[in-house]
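Asks: fold the following, please.
(2 chains)
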Amino acid sequence: MRIRRLLAMATKETRQIWRDPRSLLIALLMPFMQMALLGYGVSLDIKHLPVCTFDREASQNSQALLKRFQASEYFQIVKVAGTYRQVTTALDHSDCRMAIIVPPDFTERLSDTGASSVQAIVDGTDTNTANIAIGYAQAVIGAFAANVQLQATAYQGRPLQVLQPVALQSRVWFNEDLESRNFIIPGVIALVMALVGAQLTSLTISREWERGTMELLISTPVTPMEVMLGKLVPYFVIGMLDATFCLAVSVLWFGVPFRGTLATLFLATALFLIVVLGIGYLISVNIRSQVGAAQMGVLVTLLPTSLLSGFAFPIDQMPVAIQGITYVVFARYYITALRALFLKGSGVLDLAAPLAAMVVYAAVIAFLAARAFHKTLD
Amino acid sequence: MFERIWQIVIKEFLELRRDKWARFRLIVPPLVQMLVFGYAATFEVYHVPTVVLDRDQTQESRELISRFSSSDRFDIVRVAQTDGQVERAIDRGDTTVAIIIHPEFANLLRKGQSAPLQVIVDGTNSNTALIALGYVGTIVDQFSADYAADLMRRGLLGPHAKPLTINLETRPWYNPDLNGRWFFVPGVVASLTLVLVVSLTASAIVREREVGTLEQLMVTPIRSAELILGKTTPFFLIGLAEVALVALFGTLWFHVPFVGNPLILLLGTVLFLLSTLGLGISISTVCKTQQQAFASQFFVLNPMFILSGFSFPISSMPVVLQWLTYLNPMRYYLVVIRGTFIKGVGLSALWPDMLGMAGLGCFLLAVSILRFRKSLD
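Replies: From the prediction side, this is the model:
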């Protein structure tokens, strides 16, 4: 291997990227677009969920309860129904996602027996939203009950102690406000890197075939190893620049806390890039048409990265067989490392397992890629 | 005229039959994606790995812990002896929830005082954390209520007020068990149809231009409207077949119910296909090579997918993005497909979405046909 030939190869590839507007578009615009789109569009938080109310009691008490729903930022009362039929219609037409129904004997039962109930009909179509909405509704009702109790004891003039045997003190670590943005955005970085890396490199060899420059390349004294390195180094540099850009946007624009060390982040990113670029290169060597290579690139990198890496769907909730598959999805390790670096501030030692997995992966892919290119025409 | 259109349709099908890769693409990836999505796409929270630090070691504390371990929401995977062990388990991500029981837990309870219970949740995955916190609350409240009732029954309760309780009776409609697959499987049908039809249409026309056969077509007596009709009809039919295949597979394999009227779904699918065909043709008029067509699909389809409500609720997006979703035919189709699969609602509920798709579809088709004519000259 000669450095001079390697440099020549890298220079040629850099010029080719620079002169190909599409490559530049992918390299520069794609990260920007993806960060904006996913950073804003992907949110699992519930805010202003449209709610319909049906107050069958219409008392001061029931109105006070419904006011609490209105005041909560999680709910927004969009419809006040007068009949049960209106409630079902509103749910059927998706005008509201939840209906709160106060029974006619709500206050009576509360003052007589100290126990009453409120009905919540939830649109179960979106199961996750339904689940979270139920949780928030319970919190609103619990707070209301406590408040009524407080007022009642104050009114009676005897400061009675309210029995609540266990006082739950829950604390959330790492993502204290439970912002889904803090969870999603580190994953978006992995998604962007996978996308850009695979898209760019999957074309690099097939382009030479389609443009007929392959024969020229083969007739030069450059070795397969030099071809691989020379072709991948420019993309590696672009990838690292994109990663830096994504990191800056995450922290400065979206305000995701970064608690780890930059050195560990760049180490993990470099390993991830080697794998992604290597896979793109392997596809490119094996599939001669550019379209086929690009489609394969998306199929192999983007789909697993978005579905099986824990990006949005938690791996430990998947069936065991699928969990087994996720160990092969290299993005899984990168996303684990990224989240830990951003939110937990983990060091290299904490991340030994995912980093080791990525080193092994990178070594295998680099080995395969180095052997993949043959200087023959068929 | 019909004769000429028919010839083009036959030609397209012949081309498709000879293209092995295209046939493969029509059947295998959709089914694989349906399987992966059906199994992997879940926001449900079961068997959360939990660590317990019981500093009290009494009957009461063990009773509380057993309530966690007997729930299928939590798996107690570790019993810690020190605070440090708890901290490490959460730091390393081995456990998501930590339950720490105060040394005076039972003492305080027996005296009728409030006993603190500390729970730490790893908030990295905000969604899991939020839902897990809800389950922790339910279990602890139940324990608390049972204990209070027990104290009262044994007459051990001092001058305490009886706690007021308001029970929230939750009724999830349409999906009583809140099974996540019912949410995702119809969505996958929609997204697969979108991707397949747009990419097939775009690449078919661009391929013809790239290979140079588009000029040959132009010297035949066919008119451009006929040509477009002839070229899109096969993809329209393929789209319908694809929806039928994937929907059937999804419902049978994952036992997702179909409670609505199939004719309404058919109507919605036809309207949705209008938009996707229009999009495909529009892309083909802008791009010169298949390679470009593929890349631009990416820039169009990805935002459509994210901004459709497929997995992330539209109501949680910033308002500007919410407006943008109205320009997205997939948004409407998802409402229709979920409405017919799961809710079983009819046209009276779905007409705004049908109208939205029809409007967008006509607009996109009209624009694409105009552009296509121009690109022919």
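Asks: only C-alpha atoms for contact and neighbour calcs from this point on.
Replies: Fine.
Asks: wait, B:Val188 touches B:Phe37, no?
Replies: Yes. Judged on CA atoms under 8 Å, B:Val188 makes contact with B:Phe37 at a distance of 7.3 Å.
Asks: check which residues of whichever strand or helix holds B:Pro303 are buried.
Replies: Here B:Pro303 sits within helix B:290-306, counting by DSSP states H and E. Buried residues in helix B:290-306, counting neighbours by 16 or more other CA atoms under 10 Å in any protein chain shown, are found at B:290-298, B:301, B:303-306.
Asks: ok, now stretch A:216-227?
Replies: A:Ile218, A:Val222, A:Thr223, A:Pro224, A:Met225, A:Glu226, A:Val227.
Asks: and B:Val188 and B:Phe37? Which one has more around it.
Replies: Neighbours per residue, other CA atoms under 10 Å in any protein chain shown: of B:Val188 and B:Phe37, the larger number sits with B:Val188, 24 against 18.
Asks: so which strand or helix has the closest residue in space to A:Ser59 that isn't next to it in sequence?
Replies: Spatial nearest neighbour of A:Ser59, chain neighbours left out: A:Thr107 (7.9 Å); criterion: CA to CA, 6 or more residues apart in numbering or on different chains. Using DSSP H and E, A:Thr107 sits within helix A:106-113.
Asks: which element follows that helix toward the C-terminus?
Replies: strand A:115-123.
Asks: need the next SSE after that next one, C-terminal direction.
Replies: By DSSP H and E, the next helix or strand past strand A:115-123 is helix A:127-156.
Asks: can you point out the buried residues in stretch A:85-103?
Replies: By 16+ other CA under 10 Å, the buried positions in stretch A:85-103 come out as A:86-103.
Asks: now do that stretch: distance to the chain's middle.
Replies: 32 Å (CA atoms, centre = their mean, to the nearest Å).
Asks: could you export it as CSV, CA atoms only?
Replies: Output in CSV follows, covering the C-alpha atoms of stretch A:85-103 (Å, rounded to 0.1, in the frame of the first residue of the first chain):
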residue,chain,number,x,y,z
ARG,A,85,-75.3,9.7,21.6
GLN,A,86,-73.2,12.9,21.1
VAL,A,87,-70.4,11.2,23.0
THR,A,88,-70.4,8.1,20.8
THR,A,89,-70.6,10.2,17.7
ALA,A,90,-67.7,12.4,18.8
LEU,A,91,-65.6,9.3,19.4
ASP,A,92,-66.6,7.6,16.2
HIS,A,93,-65.8,10.7,14.2
SER,A,94,-62.4,11.1,16.0
ASP,A,95,-63.4,14.6,17.1
CYS,A,96,-62.2,13.6,20.5
ARG,A,97,-59.9,10.9,21.8
MET,A,98,-61.4,10.6,25.3
ALA,A,99,-64.7,11.2,26.9
ILE,A,100,-65.2,12.0,30.5
ILE,A,101,-68.6,11.1,31.8
VAL,A,102,-69.7,12.3,35.3
PRO,A,103,-72.6,10.1,36.6
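Asks: and it, average pLDDT?
Replies: The pLDDT scores in stretch A:85-103 average 90.
Asks: up against chain A, what does the stretch 201-350 of chain B have?
Replies: By CA under 8 Å from any CA of the partner chain, the part of the stretch 201-350 of chain B that sits against chain A consists of B:290-292, B:294, B:303, B:306-307, B:312-313, B:315-318, B:321, B:338, B:342-343, B:345, B:349-350.
Asks: repeat that for 6 Å
Replies: Contacts of the stretch 201-350 of chain B with chain A, taken as CA under 6 Å from any CA of the partner chain, map to B:Gln291, B:Phe312, B:Ser316, B:Met317, B:Ala349.
Asks: emit the PyMOL select command for whichever of these are buried.
Replies: Buried residues within these, by 16+ other CA under 10 Å, are selected in PyMOL with:
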select buried, chain B and resi 291+312+316+317+349
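Asks: farthest-separated two in the residues of the stretch 201-350 of chain B next to chain A?
Replies: Across these, the two members that end up farthest from each other (CA to CA) are B:Gln291 and B:Ala349, 41.5 Å apart.
Asks: the helix holding A:Thr107: which residues count as buried?
Replies: By 16+ other CA under 10 Å, the buried positions in helix A:106-113 come out as A:Phe106, A:Thr107, A:Leu110.
Asks: not counting residues beside it along the chain, what's closest to the first one?
Replies: Excluding its sequence neighbours, the residue lying closest to A:Phe106 (CA to CA, 6+ apart) is A:Ser116, at 6.0 Å.
Asks: the one you found: what's it in contact with?
Replies: By CA atoms under 6 Å, 6 or more residues apart in numbering or on different chains, A:Ser116 lies in contact with A:Phe106, A:Arg109, A:Leu110, B:Ile166.
Asks: what residues sit buried inside stretch B:24-37?
Replies: B:Leu26, B:Pro30, B:Leu31, B:Gln33, B:Met34, B:Leu35, B:Val36, B:Phe37.
Asks: for A:Tyr136, give me the pLDDT.
Replies: In this prediction, A:Tyr136 carries a pLDDT score of 90.
Asks: okay, helices next: where are they in the stretch 51-200 of chain B?
Replies: For the stretch 51-200 of chain B, applying DSSP state H, counting those that start in this stretch gives helices covering B:59-70, B:83-91, B:105-110, B:126-153, B:180-211.
Asks: coming back round to it: among the contacts of A:Ser116, which one lies nearest to A:Ser180?
Replies: B:Ile166 (30.0 Å).
Asks: tally up the residues packed near the closest one, please.
Replies: Using other CA under 10 Å: B:Ile166 sits among 21 other residues.
Asks: test my guess that it contacts A:Gln119.
Replies: No. Using CA atoms under 6 Å, B:Ile166 is not in contact with A:Gln119; the gap is 10.2 Å.
Asks: stretch B:12-24 spans what distance, first to last residue?
Replies: 16 Å (CA to CA, to the nearest Å).
Asks: how far does that stretch sit from its chain's centre?
Replies: With CA atoms, centre = their mean as the basis, stretch B:12-24 stands 30 Å off its chain's centre.
Asks: adding secondary structure and distance to B:Val286, write the buried residues of stretch A:216-227 out as a markdown table.
Replies: What follows is these, written out as a markdown table (DSSP: H, G, I helix; E, B strand; the rest coil; distance: CA to CA, whole Å):
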| residue | secondary structure | distance to B:Val286 |
| --- | --- | --- |
| A:Ile218 | helix | 35 |
| A:Val222 | coil | 38 |
| A:Thr223 | coil | 39 |
| A:Pro224 | helix | 37 |
| A:Met225 | helix | 38 |
| A:Glu226 | helix | 37 |
| A:Val227 | helix | 34 |
